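Peer 1: Okay, predicted coordinates and the sequence, questions at the end:
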Amino acid sequence: MRVLLCSTYELGHQPLGLASPASELLAAGHEVRVRDLSLDALDPADVAWADRVAISVPMHTARRLAADVARDLTRRRPDLPIAFYGLYATVATDEARTAGASAFIAGEYEDALVDWVADAGPVETVETGRRRHRIPVRADLAPLDRYARLAIAGEERPAGYVEASRGCRHRCRHCPLPTVYDGRYRIVARDVVVADALAQVERGARHLTFGDPDFLNGPAHAVRVLEAVAAAAPDVTMDVTVKVEHLLAHRDLLGAMADAGVVFVVSAFEHVDDAILEILDKGHTAADMAEAVDLVRAAGMEIRPTWLPFTPWTTRRRLADLVRFIGDHDLWGATDPVQLTIRLLLPDGSLLADHPAMVPHLVGDDPLALGSAWVHPDPGLDELAARLAELADEATGEGLCDRDVLALVVDAIAEATGEVLPSVPDQIEGIGLTESWFCCAEPTSAQVSLLGVDG
């Protein structure tokens with residue numbers, strides 16, 4: 001079979017969601033083309049060539065964009081079998097079927113995807129069993145210089161992307177992972193991870209992002225992988241994602257991570273209100289977050305928090321407190337402006353949807369959220385969230401630097417809350433990727449236009 005694999009968005013990384021299934025399909029004897037639609041528009045020649053099309057949907061933005069691609073493919077070739085695969089594959093499947101998809105494979109999707117290519121029958125499945133992963137095939141992907149880079153010490157370094165594990169041992173209620181993995185955690189064999197990392201280094205990567213949902217779910221495995229990569233490529237820097245809870249529990253490993261080349265750690269702080277953190281089942285408090293900042297910096301790394309400022313329980317005072325936390329801990333250079341605009345999403349299957357604290361705020365279905373809609377008891381905060389998202393999108397589109405966009409966002413929060421907030425310094429320094437990190441947000445106008453399809 002001739003299989004066209006498409007990615008719509010993977011946070012500016014060269015898509016592992018294409019490279020991994022490509023290796024499995026090639027091993028099964030199929031012809032494969034991989035296309036990253038975040039870089040290039042869909043080519044009619046590829047559509048005409050394909051017997052099957054499978055679209056990677058590892059996150060909310062990718063899933064939203066994938067529906068547009070499916071509709072476009074169906075208009076061109078009504079009988080072309082289309083599958084969605086990845087973490088968000090089984091979200092809002094009715095809408096996806098309307099768009100033209102007939103197969104939905106979440107979790108450890110590779111084996112089921114190979115089976116679907118063989119018969120193209122309708123399927124909706126979540127696979128979480130253990131499996132042996134093949135080394136991803138990246139030869140036909142766009143070069144790394146077209147993707148996000150590490151910005152550090154006044155230079156930008158080409159960045160690759162690997163995963164040493166999938167799933168997560170935890171069940172944070174706002175996270176999409178528990179709806180698929182339900183607390184399960186699956187490692188990728190060390191030799192496979194190292195081989196994939198080194199293949200990208202050979203193609204020019206000077207930095208590697210480990211995209212595991214939580215790198216320290218399996219701390220022994222994680223450190224062994226880091227040390228193996230560092231031994232083979234000692235000049236390559238790295239970043240990882242770790243829960244606050246794990247940063248505190250495994251503080252003895254932070255020095256080894258820094259020694260191996262980790263320069264920053266992404267951590268889902270989410271909010272500074274302990275009551276909100278408890279509802280989300282984050283497993284940490286605001287005081288824990290402050291301690292994590294100090295621990296990571298003491299080990300010689302920087303920390304980049306992610307935030308979820310707009311929830312049904314956010315108050316104007318607590319939103320202001322979040323900005324104050326950023327100022328108090330000098331996190332300006334570690335804060336992507338988009339992080340201060342994110343509003344809680346409740347996709348199908350969300351563990352929050354039936355939580356007693358959430359139920360009073362639900363108002364029906366929300367096609368944009370791929371799930372349930374909610375409203376804040378203070379309409380002004382819903383208006384502020386929308387205004388900030390538009391402001392950040394427009395300012396970024398106009399070419400403003402992150403510092404200036406962040407200042408505009410903070411000023412808007414100060415005006416809306418009536419609180420005196422710290423000013424964003426004129427000069428801020430940070431280590432991070434040139435593509436903003438976020439778990440779930442609305443696709444920007446720039447992302448939609450790259451697809452070359454009608455939304």
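Peer 2: Structure's in. What do you need?
Peer 1: Please list all residues in contact with the nearest residue to residue 12 once chain neighbours are set aside.
Peer 2: Excluding the flanking residues, the one nearest residue 12 by CB to CB, 6 or more residues apart in numbering is residue 435, at 2.8 Å. (C-beta placed from N, C-alpha, C; glycine too.) Residue 435 makes contacts with 11-13, 147-148, as judged by CB atoms under 8 Å, 6 or more residues apart in numbering.
Peer 1: can you do 6 Å?
Peer 2: By CB atoms under 6 Å, 6 or more residues apart in numbering, the residues touching residue 435 are 11-12, 148.
Peer 1: and if you look at residue 123?
Peer 2: Residue 123 neighbours (CB under 6 Å, 6+ apart): 103, 116.
Peer 1: Need the residues that contact stretch 128-146.
Peer 2: Taking CB under 6 Å, 6+ apart as the rule, stretch 128-146 contacts 14, 19-20, 22-24, 34, 36, 39, 107-108, 158, 181, 184, 188, 192, 195-196, 203-205.
Peer 1: Give me the buried subset of those residues.
Peer 2: The neighbour-count test (16 or more other CB atoms under 10 Å) marks 14, 19-20, 22-24, 34, 36, 107-108, 158, 181, 184, 188, 192, 196, 203, 205 as buried among the contacts of stretch 128-146.
Peer 1: now, which of these lie within helices?
Peer 2: Cross-referencing these against helices under DSSP state H gives 19-20, 22-24, 181, 192, 196.
Peer 1: which one in those is the model shakiest on?
Peer 2: Within those, residue 181 has the lowest pLDDT, namely 94.
Peer 1: Assess the claim that it and residue 166 are in contact.
Peer 2: No - under the criterion of CB atoms under 6 Å, residue 181 makes no contact with residue 166, lying 7.5 Å away.
Peer 1: Let me know the pLDDT of the nearest residue to residue 199 once chain neighbours are set aside.
Peer 2: With sequence-adjacent residues excluded and distances taken as CB to CB, 6+ apart, residue 199 is closest to residue 138, at 6.2 Å. Looking at residue 138, its pLDDT stands at 97.
Peer 1: do residue 268 as well
Peer 2: On pLDDT, residue 268 comes in at 96.
Peer 1: what about the residue nearest to residue 199, how many residues close to it?
Peer 2: Neighbourhood size, residue 138 [other CB atoms under 10 Å]: 24.
Peer 1: That one - that's part of a helix, no?
Peer 2: No - if the criterion is DSSP: H, G, I helix; E, B strand; the rest coil, then residue 138 is coil and not within a helix.
Peer 1: separation between it and residue 13?
Peer 2: Distance check for residue 138 against residue 13: by CB to CB, to the nearest Å, it reads 11 Å.
Peer 1: neighbouring contacts of the longest helix that the chain contains?
Peer 2: Across the chain, the longest stretch assigned as helix under DSSP H is helix 379-397. If you take CB under 6 Å, 6+ apart as the criterion, helix 379-397 is touched by 310, 337-338, 341, 343, 376, 405, 408-409, 412, 416, 444.
Peer 1: Likewise for stretch 413-432?
Peer 2: The contact list for stretch 413-432, computed with CB under 6 Å, 6+ apart, reads 152, 263-264, 302, 304, 316, 319-320, 323, 327, 332-334, 384, 403, 406-407, 410.
Peer 1: about what we covered before: tell me which element the residue nearest to residue 12 falls in.
Peer 2: Assigned by DSSP states H and E, residue 435 belongs to no helix or strand.
Peer 1: State the number of residues packed around residue 73.
Peer 2: By other CB under 10 Å, 24 other residues sit near residue 73.
Peer 1: So which elements touch the host helix or strand of it?
Peer 2: Residue 73 is located in helix 60-76, with elements delineated by DSSP H and E. Applying 3 or more CB pairs under 6 Å, 6 or more residues apart in numbering; DSSP states H and E, we find helix 60-76 packed against strand 52-56, strand 82-85, helix 93-99.
Peer 1: Neighbours of residue 119, how many?
Peer 2: By other CB under 10 Å, the residues close to residue 119 number 11.
Peer 1: Quickly note the distance from residue 188 to residue 222.
Peer 2: 11 Å.
Peer 1: Residues in contact with the helix or strand harbouring residue 199: which ones?
Peer 2: Here residue 199 sits within helix 190-202, counting by DSSP H and E. Contacts to helix 190-202, defined as CB under 6 Å, 6+ apart, come from residues 133, 135-136, 160, 162, 164, 208, 224-225, 228-229, 232-233, 236.
Peer 1: And the residues you listed, which of them are buried?
Peer 2: 133, 135-136, 160, 162, 164, 208, 225, 228-229, 233, 236.
Peer 1: name the element residue 150 belongs to?
Peer 2: Per DSSP H and E: strand 149-152 holds residue 150.
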